[in-house]
Every structure is written in C-alpha cells, then in structure tokens.
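Chemist: Structure, please.
(one chain, ligands or ions: 2)
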Amino acid sequence: QVPSKVKLVDVGPRDGLQNEKEPVPAAVKIELVHRLQEAGLREIEVTSYVSPKWVPQMADAAEVMAGIARRPGVRYSVLTPNMKGFEASLQGKPDEIVIFGAASEAFSQRNINCSIAESIDRFAPVVEAARAKGIRVRGAMSTAVGCPYEGEIAPERVEMFARRMKEIGVQHLGVADTIGVGTPRKVQRAMEAALKHFAIDDLSGHFHDTYGQALANTLACLEMGIWQFDASVAGLGGCPYAKGATGNVATEDVVFMLDGLGIETGIDLDKLVDAGKFISDFLGRKPNSRAATAILNK
Ligand code: HMG
Ligand code: MG
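Modeler: Ligands and ions are numbered 1, 2, ... in the order given. Have a look, this model is predicted:
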C-alpha cells in the first residue's frame, strides 16, 4: 500500500549547486529553475540566504530569485538560517522559507556555527515573522540517521529535535539523511520518531545517495504513507560541511521508480532528463542518475 500521488521538491539549484567549487552564473541557475518548472516540478528549492563567506556559491541569491519567470502553481523556497537571511530573502518573495538545524550537536556547530538550543532560539523569531507574512515555513533536520562527526543518531534525538521545531511553529519537517548512511529500517525509525510531532502530510524525506540507499529509503517511506520527498536533478550536490557526502537522490531516478509504481508526480521524465543534461553539460560532467544515463543512451 503506497500513496497514489507524490510531491517532489527539486533541491538541485540549492543543495545541488551549493557545493560546486567553480562559480555557476546566476543566469545558468535561473535557466535550470525554468527547465525544472517546464518539466512539471511544482516546488523548487532555489537558493540560500546564507553567509557568502560560508557558502560562496549562494552569494547571488537575490539575483537568482529576481531573475525567475514565475509560474503560477509553483512554489519557490529558499534557505534562511537566521533573521538576517530571512530579511534579505523578502525582496525575492519566497513562497516558503526553510530553516535548517540538525539532530546532532556537532553538525549544528559545523554547519550553522551554534548549538541546537541556540539554533532554536535563532529560528523562533524567523518562524514568527514568516508566518505573520503568510510565508510557509519548512524545517530541515540534518543528520537524522547519521552524523559525520558523531556517528549513528538515535531516534530519540530525532524526536527531540522534531518536538522543538513543532514548538516554535514550524509547519512542515524535512527529515534529512545528510551523509546517506541510512538504510530502510533505520530511516523508518527516524520517520516514526518525527511522526510523534508532525502529521504524515507535514513530513518529507531528504535522502543523500552516498551509499546508494536513497531509493530504497524512499520506498520504505512510501510504505509508511509518506508522500513528499526532496530530490536533486542529475543527482547534483552535497553539503560543504559533510565531507564526502554526495548529492541527493537523482530526481530522474525517483520519478522512474514512481512511474513504475503507478504513482502520479506530474513530472515529465524526458523533460526532466533534459534539465539534468543542461546543468551537467554546464558543469562538464555526466548526470549522476542511472535513469538519466539509460534514457540518454537509448
Ligand atoms: P556566524 O558567523 O555565526 O554569523 O554564521 P554571525 O551572526 O556571527 O555573523 C557573522 C558574519 O556573517 C557577519 O558579517 C554577518 O553579517 C554575516 P561581518 O560583520 O563579519 O561582515 N551573516 C550573514 N550574511 C549573509 N546572510 C546571512 C548572514 N548571517 C550572518 N544569513 C551562519 C552563522 C548561519 C550565517 C553561517 O554559519 C552560515 O551561513 N551557514 C550556512 C551553512 C550552509 O548553508 N550549509 C548548507 C545548507 S544546509 C544543508 O545543505 C543540509 C540540508 O540539505 C539537509 C541535509 O541534507 O542535511 C538542508
Ligand atoms: Mg541536503
């Protein structure tokens, strides 16, 4: 028994490109967003309003948001780690902001330079201000299964972080396996912990594919009734503060699996493959997606 419909958020322009060493021009990022919406994506994580010293690749957030020709019915989300980022994001009129913390202390320190408790204190006014303006708020929880610095993360810590996010008014929780060490049962346990505080319709999975487990983990979540997932076109990406972690599961691979399961996504796989080829050509490499590779070699 799996859901009949799935919503995919393409995080390629943000999670995918944030780790690229060579600058990707804003025009290329904008073109990628356009191609993703053309392929039928209904939510796109566009950029991050973070410190350019920490993540230089996202320094053009304002330019990218301003350059997108918006489509009705598409939600454009952006990462905002603090009030400064949130205020800067407003000019770009995001439909949704993403605050991002972690289930592990060490990752919180490395990624956003503060403890979990401090992060919650920083997020609370951002959530309040966003909701007052009618902007949706998603909370991302990194290292929900494993941490590059602390190792395995117990479901109790996922439960605790989910509770804190709920308490400050976060509407939707994205549970992330940042370094892709999760396997299906471990991911299900993390999701069960998050479900203590968030309804199934307010929960999504965000799986990096470092160990090749992301599709299996996605299926394990579908079997629990979870129907929202992040994925990255061409399998782009990685996190600058999680050494060796590869990109998110490729959107093309998820769509191929969902099509085969008879689950509706509204995404045109051929157009999606073209979008992945566009950005991969720019980056001078092949798409990191088995489905895209197979389709391109046909
Ligand atoms: P900090 O240094 O502790 O911040 O960084 P601060 O408040 O002490 O300020 C220091 C300087 O940064 C000041 O500038 C601020 O103005 C500036 P200065 O006076 O030195 O010139 N600053 C900012 N500039 C632009 N935008 C801002 C901002 N805030 C302060 N929003 C901070 C704290 C959070 C800013 C920093 O640690 C940071 O930018 N971290 C970003 C890390 C990041 O983007 N990581 C990748 C995204 S998360 C991810 O990929 C995981 C996810 O995919 C899920 C998963 O897979 O796990 C979501
Ligand atoms: Mg990520």
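Chemist: For the closest residue in space to Ile135 that isn't next to it in sequence, which three-state class applies?
Modeler: Using C-beta to C-beta, 6 or more residues apart in numbering and skipping the chain neighbours, the partner closest in space to Ile135 is Ile97 (5.8 Å). Where you see a C-beta, it was placed from the backbone N, CA and C, and this is true even at glycine. Under the three-state scheme (DSSP: H, G, I helix; E, B strand; the rest coil), Ile97 adopts strand.
Chemist: Contact partners for Ile97?
Modeler: 77-80, 86, 89, 126, 130, 135-138 (C-beta atoms under 8 Å, 6 or more residues apart in numbering).
Chemist: Next, the buried residues of stretch 231-242.
Modeler: Within stretch 231-242, the residues scored as buried using 16 or more other C-beta atoms under 10 Å are 231-239, 241-242.
Chemist: want to try JSON lines for the residues you listed, with distance to ligand 1, pLDDT and secondary structure as columns?
Modeler: Output for the buried residues of stretch 231-242, formatted as JSON lines (distance: C-beta to the nearest ligand atom, whole Å; pLDDT from 0 to 100; DSSP: H, G, I helix; E, B strand; the rest coil):
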{"residue": "Ala231", "distance to ligand 1": "12", "pLDDT": "98", "secondary structure": "strand"}
{"residue": "Ser232", "distance to ligand 1": "9", "pLDDT": "98", "secondary structure": "strand"}
{"residue": "Val233", "distance to ligand 1": "15", "pLDDT": "98", "secondary structure": "helix"}
{"residue": "Ala234", "distance to ligand 1": "16", "pLDDT": "97", "secondary structure": "helix"}
{"residue": "Gly235", "distance to ligand 1": "13", "pLDDT": "96", "secondary structure": "helix"}
{"residue": "Leu236", "distance to ligand 1": "12", "pLDDT": "95", "secondary structure": "coil"}
{"residue": "Gly237", "distance to ligand 1": "8", "pLDDT": "87", "secondary structure": "coil"}
{"residue": "Gly238", "distance to ligand 1": "8", "pLDDT": "66", "secondary structure": "coil"}
{"residue": "Cys239", "distance to ligand 1": "4", "pLDDT": "67", "secondary structure": "coil"}
{"residue": "Tyr241", "distance to ligand 1": "6", "pLDDT": "75", "secondary structure": "coil"}
{"residue": "Ala242", "distance to ligand 1": "7", "pLDDT": "73", "secondary structure": "coil"}
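Chemist: From the residues you listed, pick the one nearest Pro155.
Modeler: Each of those was scored against Pro155 by C-beta to C-beta, and Ala242 proved nearest at 20.2 Å.
Chemist: List the residue ranges of the protein that fall below the pLDDT cut-off.
Modeler: In the predicted model, the chain carries pLDDT under 70 at residues 238-240.
Chemist: So which residues of it form strands?
Modeler: With DSSP state E as the criterion, the chain has strands at 7-10, 43-48, 75-79, 96-102, 136-142, 146-147, 151-152, 172-177, 203-207, 228-231.
Chemist: What is the fifth one packed up against?
Modeler: The elements that strand 136-142 packs onto, with contact taken as 3 or more C-beta pairs under 8 Å, 6 or more residues apart in numbering; DSSP states H and E, are strand 75-79, strand 96-102, helix 105-112, helix 116-132, helix 155-167, strand 172-177.
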